[in-house]
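Visitor: Generate coordinates for the sequence data below:
(one chain, ligands or ions: 1)
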Amino acid sequence: MPDFTIEPYRWPKAVGHEGWDDWVHFAEVRNAGLAVGGEHLQDCSPEFLLGDWNDAGEARQLALVARRDGEIVAIANSGQDPATEDLAFSYIRVLVHPNHRGLGIGAALLDALEALCLAEGRTTVVAEFEVADEPGPTIAAASGAGAVPAGAPGVRLALSRGYALEQVDRTSRIALPVSAALLAEAVATAAAKAGADYRLVFWQADAPAQWHEDLARMYTLMTQDAPTGGVAMPEMPWSVDRLVDELAHRVGQGMDWSVAGAVHEPSGRLVGLTELAGLPADSGGTGYASQYWTYVDRAHRGHALGMLMKAANLLRFQVEHPGYHFVTTQNAEENRHMLDINEALGFEPFLAQAVFQKRL
Ligand SMILES: CC(C)(COP(=O)(O)OP(=O)(O)OC[C@H]1O[C@@H](n2cnc3c(N)ncnc32)[C@H](O)[C@@H]1OP(=O)(O)O)[C@@H](O)C(=O)NCCC(=O)NCCS
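Guide: Prediction:
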């Protein structure tokens, strides 16, 4: 008889409300489960995590937990974009606390999560998780670029359940502060190439209203334009209303944001953006900031705007938000344009992210 139970999980409505102590354990398991190679890149406090869950369109979030002696030791969830119409697609995740691994909990939880997804009509599931490099055989991505260690527990579990490794993303990092001279030079070189038609604008968590329409357009295009390997990525539409809600959420949640945008002067439109954000220590952050979206409109590619925005934004972020140790960024191994920019700035490969997909 297994000495664990698996059950549906409902998170508290607000900090301190019913179920709060359980949620604190849930957040601990999440942080410990996401740590890779001893590095805590994604830690956050239970308060911060709850804000994220309650804002993420809760109707589309399903969760399970495994308990031993009543205490949460493993968590699993299936999430959907709040605005997508493709309700058959979902991201899933299974995390077992390191002290409770190798006991059959992960496999049982994944089986239960698949059954739940199937019952809800979520028939395409995608699991993304980071793995540290290790010696031994590797599995190549179906996309043709990148590989992950075949012996990593998550990889073995996914393969044993019939998942296909569609894509491998590279997680790279750069130590802060980056040489200001190097960044300034990168900005100057890129600005010379971009020419007088473009200028940079910056903001923090909130974006000026004049750019909302262009931002909503670019957010919608981003999920379609970035390489996704064989992942059946649904359209995730962004209306201006959804964007305004997201910006309000960002302001309320208290992350340190720096966003750079590229304005095309002749048309007055915002045609590119790049976003950096870090979680302050008092919200559970561990000194890692992350690169979020970078996008340049198709009609404006080839003018060094990606490099211009990224170098300028990095320079600005480290001045406005000192105290972060690293910036991490994730790019598909086949996304050579973006990797070239990041490598030129000094980002170095750090971890691999496996993107597994299964049709249930
Ligand atoms: C992957 C993970 C969920 C496995 O949880 P677990 O409770 O330890 O796994 P189980 O004991 O149920 O074992 C299930 C399978 O995982 C793999 N596995 C478990 N421990 C392993 C280890 N130390 N080395 C290699 N594979 C391992 C095996 O395939 C195992 O099946 P097998 O015993 O028939 O070979 C857990 O290691 C974890 O949380 N890792 C971090 C997050 C992650 O990678 N999630 C991936 C799924 S979305």
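
Visitor: Was I right to think residue 168 contacts residue 141?
Guide: Yes - applying Cβ atoms under 8 Å as the test, residue 168 and residue 141 come out as touching, 4.3 Å apart. For glycine as for every other residue, the C-beta is placed from the backbone atoms N, C-alpha and C.

Visitor: Touching both of the two, which residues are there?
Guide: 147, 148, 333, 355 (Cβ atoms under 8 Å, 6 or more residues apart in numbering).

Visitor: Just the buried residues out of these, in PyMOL syntax.
Guide: Of those, the buried ones can be selected in PyMOL as follows, counting by 16 or more other Cβ atoms under 10 Å:
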select buried, resi 148+333+355
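
Visitor: least trustworthy position among the shared contacts of residue 168 and residue 141, going by pLDDT?
Guide: The lowest pLDDT within the shared contacts of residue 168 and residue 141 belongs to residue 333, with 88.

Visitor: Not counting sequence-adjacent ones, nearest residue to it?
Guide: Spatial nearest neighbour of residue 333, excluding adjacent residues (Cβ to Cβ, 6 or more residues apart in numbering): residue 146 at 3.2 Å.

Visitor: Same question for residue 157.
Guide: Residue 157 sits nearest to residue 106 (Cβ to Cβ, 6+ apart), 5.8 Å away.

Visitor: give the contact list for residue 155.
Guide: Residues near residue 155 by Cβ under 8 Å, 6+ apart: 131, 139, 148, 149, 165, 354.

Visitor: Could you report the pLDDT at the residue located most distally from the centre of the chain?
Guide: Using Cα atoms, centre = their mean, the residue of the chain lying farthest from its centre is residue 1. It sits 37.3 Å away. Per-residue confidence (pLDDT) for residue 1: 70.

Visitor: Equivalent analysis for the one 10 residues further on, please.
Guide: Confidence per residue is given as pLDDT, and for residue 11 that number is 94.

Visitor: now do residue 82
Guide: pLDDT recorded at residue 82 is 84.

Visitor: likewise residue 59?
Guide: pLDDT for residue 59: 62.

Visitor: quick one: residue 335 from the ligand, how far?
Guide: Counting by Cβ to the nearest ligand atom, to the nearest Å, the separation of residue 335 from the ligand is 23 Å.

Visitor: check contacts around the nearest residue to that residue once chain neighbours are set aside.
Guide: Nearest residue to residue 335, sequence neighbours excluded (Cβ to Cβ, 6+ apart): residue 227, at 5.3 Å. Shown in contact with residue 227 (Cβ under 8 Å, 6+ apart): 143, 167, 332, 334, 335.

Visitor: Pull out the buried positions in the helix or strand harbouring residue 215.
Guide: Secondary structure assignment for residue 215, by DSSP states H and E: helix 212-225. Buried residues in helix 212-225, defined by neighbour count with 16+ other Cβ under 10 Å: 212, 214, 215, 216, 217, 218, 219, 220, 223.

Visitor: quick check, nearest of those residues to the ligand?
Guide: Looking at those and their distance to the ligand, the nearest is residue 223, at 20.7 Å (Cβ to the nearest ligand atom).

Visitor: tell me the pLDDT at the closest one?
Guide: 81.

Visitor: Counting neighbours, what do you get for the nearest residue to it once chain neighbours are set aside?
Guide: The shortest distance from residue 223 to any non-neighbouring residue, by Cβ to Cβ, 6+ apart, is to residue 236 (4.5 Å). Residues within reach of residue 236, counting by other Cβ atoms under 10 Å, total 19.

Visitor: cool, and residue 228?
Guide: By other Cβ under 10 Å, the residues close to residue 228 number 17.

Visitor: In contact with it: list those residues for me.
Guide: 166, 167, 332.

Visitor: doesn't residue 49 fall inside a strand?
Guide: No - looking at residue 49 with DSSP: H, G, I helix; E, B strand; the rest coil, it is helix, so not inside a strand.

Visitor: Give me the neighbour count for it.
Guide: The tally of other residues near residue 49 (other Cβ under 10 Å) stands at 20.

Visitor: No further questions, thank you.
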